[in-house]
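1. Below are the sequence and a predicted model for it; my questions follow.
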Amino acid sequence: MGAEDAARATLEQFIDATARRDLSLMRSLFHADAAFSGRLGQREVVGSIYPFFDHLAQNEVYSTYAARIVALSAAPGCAGARLEQRELFGATWDTFLHLRDGPEGWQITAMLSCPRA
């Protein structure tokens, strides 16, 4: 499987894990040292991905949640993507993800989420 196909498969798993609030799958998709930047509730967070996991566990994902891959750029061993996530915690988000192919396979190493105004 090429880099773009592998990255796309990881992104589709991310979308599925978000929709189902599957925290086990979600954690497996992220590198242990992955970074997060964005808003969780009323607070801005820059740092570890773990506050995002906690927020996902504590907040309902609407049944109308939908996401799509807006852009994906891949090279051997790494990729970057932009997702549009609708009805996630009651808002639409632009989510940017960095991925890499490492010892654990393709994983997300960084996530930046911006709510639309």
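-> Everything's here; your move. Numbering: from 1, shown residues only.
2. how about residue 79, what does it touch?
-> By C-beta atoms under 8 Å, 6 or more residues apart in numbering, residue 79 lies in contact with 3-4, 7, 72-73, 98-100, 106. To be clear about C-beta, it is placed using only N, CA and C from the backbone, and glycine gets the same treatment.
3. For the top helix by length along the chain, buried residues please.
-> In the chain, taking DSSP state H as the definition, the longest helix is helix 3-20. Going by neighbour count (16 or more other C-beta atoms under 10 Å), the buried part of helix 3-20 is 3, 6-8, 10-11, 13-15, 17-19.
4. mind checking how far that helix is from the chain centre?
-> Chain-centre distance of helix 3-20: 8 Å, with C-alpha atoms, centre = their mean, to the nearest Å.
5. Show me what the mean pLDDT comes to for that helix.
-> What helix 3-20 shows for mean pLDDT is 97.
6. Quick one: the strands in this structure, in order.
-> Here the chain has its strands, by DSSP state E, at 30-40, 43-48, 66-75, 78-88, 91-102, 105-115.
7. Show me which residues of the last one are buried.
-> By neighbour count, and taking 16+ other C-beta under 10 Å as the criterion, the buried residues in strand 105-115 are 106-111, 113.
8. of all these, which two lie farthest apart?
-> The most widely separated members of these are 106 and 113, with 19.7 Å between them, by C-beta to C-beta.
9. ok and the longest helix of the chain relative to strand 66-75, angle-wise?
-> Angle between the axes of helix 3-20 and strand 66-75 is 160 degrees (criterion: axes from the mean of the first three to the mean of the last three C-alpha atoms, to 10 degrees).
10. Switch the contacts of residue 79 over to CSV; also include distance to residue 39.
-> Putting those into CSV (distance: C-beta to C-beta, whole Å) gives the following:
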residue, distance to residue 39
3, 30
4, 29
7, 25
72, 24
73, 25
98, 19
99, 22
100, 25
106, 26
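11. ok, of these, which one's closest to residue 37?
-> Nearest to residue 37 out of the contacts of residue 79 is residue 98 (C-beta to C-beta; 11.3 Å).
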